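**Student:** Model the following, please.
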Amino acid sequence: MSKSSNPIKRDTSIPRRPLLWMAAALLFTLPPFFDSLAIWVPSLFLLSLALKFWMEPRGYRLRSIVLKLLLVAAALPTVFSSYGSVRGVEAGISLLVVLMSLKILEAHTAREFRVMVLIGWMLCLCGFFLSQDFTTALCLLIAFALLVVALIQFHRGAAPGAVWPPVGTTCKLLLQASPLVVLFFLLFPRINAGLRFELRPFRAANTGFSDRLSPGSIAALANSSEIAFRAEFPGSSARPSGPMYWRGIVMWRCNGMEWRAPYEPRRKSPSTTRDIAGTGGLPVQSPNAKEIQQRITLSAHGARWMFALDHPIKSVPGAMLARGDYLSSLQPIRKARRYEVVSSESSGNEITSKERAESLEVPASISPAVRDLAQSWTVQNRDSRGVVNSALQFFRTQGFSYSLTPGEYDDLEEFLFRRRVGFCEHYATSFATLMRLAGIPARVVVGYLGGEYNDLGHFFLVRQADTHAWCEIWLPEKGWTRVDPTAAVAPGRASLDFTSFLETRIASGQMGARQNTLIARLLRSGVFTNVRFIWQTLSYEWDTRLLPFDADVQDVLLTSMGIASRGSIFLALEILLVAIALLAIYFAWMQLRTRSRVDRVKALYEYFCRKIARLGVPRDPCEGPLDFARRAAQSLPNESNRIRQIADTYVLLRYAPQPAPGMLDRFAKEVNAFAVRR
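**Tutor:** Presented below is the predicted three-dimensional model:
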């Protein structure tokens with residue numbers, strides 16, 4: 001009975017080491033699930049793993065078929081309530097994760113362990129469906145490799161000291177497969193647009209952009225670390241001088257502290273129109289204006305906003321240059337987009353009669369006190385610049401303060417005369433309204449200010465926390481001119497990225513400390529800064545080199561390599577032939593390596609036999625190594641231990657499926673050290 005039960009016992013228990021490797025692999029599949037799926041799905045997954053390690057040593061497992069069916073039946077309505085349907089990528093992946101959780105609880109045989117490994121590889125693929133960023137890709141690659149380690153460990157058994165050899169074997173397998181992976185990545189015909197794809201319904205990112213700017217809409221992003229875009233300047237690796245205002249959208253419609261953009265952006269007219277006041281028009285582009293070229297990689301956000309420094313000169317493919325000198329995409333941006341744009345420091349615009357009238361409109365609900373304030377500046381100053389300076393002086397000297405949590409305001413009068421606490425949108429909208437009341441055309445621009453410069457990758461990283469609002473006024477001698485009233489209240493904001501600016505103000509006692517200030521300072525220390533820059537650069541290269549590798553990029557690569565594309569079928573055949581040739585070379589090399597190892601073992605053993613023969617014990621050609629060793633040990637008792645040791649090592653090298661590393665070298669040393677003494 002005991003003999004017949006041993007195989008069943010071995011088959012109904014999963015060794016702890018491969019289970020640990022598999023659990024580690026499954027943990028690395030979780031990051032995209034936490035970001036994209038309902039929170040209960042990865043939480044159930046973690047709970048199942050924890051229960052498995054509690055149940056396995058005690059011999060417990062999920063046995064009842066009725067209970068399994070009830071759990072699956074409960075999962076279906078839960079998934080439906082979480083996503084509104086059981087169809088779709090997220091719902092399907094959630095069901096797969098639930099089934100994997102149940103499989104973890106019931107698995108107890110070798111076959112079920114292999115099934116879990118296969119499902120784990122499927123989860124790696126599903127994670128890539130949910131997100132293709134660099135962090136997710138790295139986690140899924142580690143998960144894939146650890147699943148291979150778990151499978152190798154499972155088949156090796158629980159031999160002592162067998163923890164790290166499966167890791168080495170996995171690394172060898174991945175290294176051997178890497179040439180084919182690179183070959184197929186570069187040369188396999190592209191059907192899709194690169195590796196970046198979106199199978200699930202798009203969810204708009206939290207960009208802080210809309211067609212409406214109201215108090216508090218930008219301040220809510222102060223703690224957001226999401227990447228808005230990355231920008232580099234071709235031909236120059238140095239940081240541009242001066243503040244960087246990344247233009248996103250221009251708002252014309254004023255309602256006190258709330259402003260709106262046009263419902264549909266209008267394409268900028270290429271023709272010029274003289275100013276209504278008859279002051280003459282500016283040329284379309286001033287000959288002294290400095291042009292700045294940028295290459296921008298924009299993250300997906302689901303809207304049409306695109307960004308550029310100052311005033312873009314012309315549109316880019318797939319976008320239009322809208323009235324107000326900002327770029328608007330013709331299609332919603334649902335995946336990362338890379339484009340080049342040239343900007344100018346000056347607007348070079350003229351103002352039409354319609355634009356002048358639109359940029360002077362104010363709502364009738366503005367209080368008399370606010371109107372009197374604006375009129376007092378026009379009485380004191382004869383020109384527009386004097387009015388602007390008086391307004392900035394008012395914000396600078398009347399006790400206004402900069403705050404991330406200014407609270408809600410009922411109207412403009414409360415902000416200007418009573419509380420006087422605000423964020424950038426409060427100052428931009430109130431200043432633009434005051435300029436209109438003073439008879440100066442004004443509009444509000446929303447975009448980003450600054451960004452963190454990466455010295456390693458030579459690019460700027462602009463986060464959602466860098467969202468900013470400022471004002472533009474029309475001056476007859478200069479056209480549309482940027483005025484940032486926030487700089488009058490919070491000096492230094494224009495010269496620093498938002499996180500550095502907050503840290504500076506907190507250190508000086510001008511703002512209350514945030515909970516993550518200590519962590520932010522730690523991350524900006526020397527070692528962490530270098531590590532962070534390396535990670536940002538790798539992520540940037542992943543987003544700009546690998547993911548956008550589509551058919552057009554492949555054609556350029558093939559042309560540069562002298563391999564003219566003759567169609568997908570011919571290219572696929574060429575790749576297949578190259579792959580077969582590489583595999584043939586690899587197998588020939590492995591065969592030669594194995595043969596040379598066996599030949600060396602045979603040569604060393606024959607050398608050992610000749611040494612024994614000189615001692616008077618010749619080997620019979622039909623005599624096996626163990627029989628010969630036994631007879632030689634009896635004839636040479638003083639050398640019996642060494643003879644048996646050499647014979648045992650030879651048998652292992654010749655017949656063992658996988659000899660221990662270094663055994664052949666030790667065998668050679670033992671044979672060479674065997675001295676012939678008469």
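**Student:** Could you check how many residues crowd around the residue lying closest to Leu652 once chain neighbours are set aside?
**Tutor:** Of all residues not flanking Leu652 in the chain, Pro659 sits nearest, at 5.6 Å (CB to CB, 6 or more residues apart in numbering). Glycine gets a C-beta too; all of them are placed from N, C-alpha and C. By the criterion of other CB atoms under 10 Å, Pro659 has 16 neighbours.
**Student:** Give the helix, strand or coil label for Pro659.
**Tutor:** What DSSP: H, G, I helix; E, B strand; the rest coil gives for Pro659 is coil.
**Student:** wouldn't it be in contact with Asp648 here?
**Tutor:** No - at 11.8 Å, Pro659 does not count as touching Asp648 under the criterion of CB atoms under 8 Å.
**Student:** mind listing what the host helix or strand of Ala469 pairs with, with the direction of each?
**Tutor:** Using DSSP states H and E, Ala469 falls within strand 467-475. Strand 467-475 has its sheet partners listed here by DSSP bridges as strand 442-449 (antiparallel), strand 479-483 (antiparallel).
**Student:** Give me every residue in contact with it, excluding its own residues.
**Tutor:** 207-209, 213, 218, 221, 228, 245, 250, 347, 351, 356, 359, 384-385, 388, 424-425, 428-429, 431-432, 435, 440-449, 480-486 (CB atoms under 8 Å, 6 or more residues apart in numbering).
**Student:** ok, of the residues you listed, which come out buried?
**Tutor:** Listed as buried from these are 207-209, 213, 218, 221, 228, 245, 250, 347, 351, 359, 384, 388, 424-425, 428-429, 431-432, 435, 440-449, 480-486; burial here means 16 or more other CB atoms under 10 Å.
**Student:** Please name the nearest non-neighbouring residue to Ser367.
**Tutor:** Ser367 sits nearest to Glu413 (CB to CB, 6+ apart), 4.5 Å away.
**Student:** Give me the angle between the host helix or strand of Arg385 and strand 467-475.
**Tutor:** Using DSSP H and E, Arg385 maps to helix 384-397. Put simply, helix 384-397 runs at 150 degrees to strand 467-475, going by axes from the mean of the first three to the mean of the last three CA atoms, to 10 degrees.
**Student:** Show me what the very next helix or strand once past helix 384-397 is packed against.
**Tutor:** Using DSSP H and E, the next helix or strand after helix 384-397 towards the C-terminus is strand 401-402. Identification of packing neighbours for strand 401-402 by 3 or more CB pairs under 8 Å, 6 or more residues apart in numbering; DSSP states H and E yields strand 421-422, helix 486-489.
**Student:** chain center to strand 401-402: distance?
**Tutor:** When distances are taken as CA atoms, centre = their mean, to the nearest Å, strand 401-402 is centred 35 Å away from the chain's centroid.
**Student:** Could you check how far the helix or strand just after it is from the centre of its chain?
**Tutor:** With elements assigned by DSSP H and E, the helix or strand that comes after strand 401-402 is helix 412-414. Here helix 412-414 shows a centroid-to-chain-centroid distance of 43 Å under the convention CA atoms, centre = their mean.
**Student:** And the strand holding Ala469, what's buried?
**Tutor:** Of the residues in strand 467-475, Thr467, His468, Ala469, Trp470, Cys471, Glu472, Ile473, Trp474, Leu475 count as buried by neighbour count, 16+ other CB under 10 Å.
**Student:** Please apply the same query to stretch 616-623.
**Tutor:** Val617, Arg619.
**Student:** Touching it from outside, list them.
**Tutor:** By CB under 8 Å, 6+ apart, the residues outside stretch 616-623 that reach it are Cys609, Ile612, Ala613, Phe628, Arg631, Ala632, Ser635, Leu636.
**Student:** any idea which of those has the most stuff around it?
**Tutor:** Ala632 (25 neighbours).
**Student:** Could you pull up phi and psi at that residue?
**Tutor:** phi -70, psi -40 (degrees, to the nearest 10).
**Student:** residues in contact with it?
**Tutor:** Contacts for Ala632 (CB under 8 Å, 6+ apart) come out as Ile612, Val617, Glu639, Ile643.
**Student:** export those to JSON lines and tack on pLDDT and secondary structure?
**Tutor:** As requested, the contacts of Ala632 are arranged in JSON lines below (pLDDT from 0 to 100; DSSP: H, G, I helix; E, B strand; the rest coil):
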{"residue": "Ile612", "pLDDT": "88", "secondary structure": "helix"}
{"residue": "Val617", "pLDDT": "88", "secondary structure": "coil"}
{"residue": "Glu639", "pLDDT": "86", "secondary structure": "helix"}
{"residue": "Ile643", "pLDDT": "89", "secondary structure": "helix"}
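**Student:** what's the closest of those to Val66?
**Tutor:** The nearest member of the contacts of Ala632 to Val66, counting by CB to CB, is Ile643 at 65.6 Å.
**Student:** my guess is the closest one contacts Ala629, does it?
**Tutor:** Yes - with contacts counted by CB under 8 Å, Ile643 reaches Ala629, the gap being 5.3 Å.
**Student:** Identify the contacts common to these two.
**Tutor:** In contact with both Ile643 and Ala629: no residue, using CB under 8 Å, 6+ apart.
**Student:** now the helices for the stretch 1-150 of the chain?
**Tutor:** Listed in chain order, the helices of the stretch 1-150 of the chain (DSSP state H, counting those that start in this stretch) span 2-11, 16-28, 30-36, 40-55, 65-83, 89-106, 110-130, 134-156.
**Student:** would CSV of the ones you listed with distance to Thr559, mean neighbour count and mean pLDDT be doable?
**Tutor:** Listed next are those as CSV, based on distance: least, CB to CB, whole Å; neighbours: other CB atoms under 10 Å; pLDDT from 0 to 100:
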stretch, distance to Thr559, mean neighbour count, mean pLDDT
helix 2-11, 57, 9, 41
helix 16-28, 39, 20, 90
helix 30-36, 36, 20, 88
helix 40-55, 45, 17, 90
helix 65-83, 45, 14, 88
helix 89-106, 36, 20, 90
helix 110-130, 29, 18, 90
helix 134-156, 28, 20, 91
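**Student:** could those helices go into a markdown table alongside distance to Val182?
**Tutor:** Shown next, in a markdown table, are the helices of the stretch 1-150 of the chain (distance: least, CB to CB, whole Å):
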| stretch | distance to Val182 |
| --- | --- |
| helix 2-11 | 40 |
| helix 16-28 | 23 |
| helix 30-36 | 24 |
| helix 40-55 | 32 |
| helix 65-83 | 38 |
| helix 89-106 | 28 |
| helix 110-130 | 18 |
| helix 134-156 | 14 |
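**Student:** Looking at those helices, which is nearest to Ser315?
**Tutor:** Ser315 sits nearest to helix 134-156 of all the helices of the stretch 1-150 of the chain, at 30.4 Å, using CB to CB.
**Student:** what angle sits between the closest one and helix 110-130?
**Tutor:** Using the same axes, to 10 degrees: helix 134-156 against helix 110-130 is 170 degrees.
**Student:** Appreciated, that's everything.
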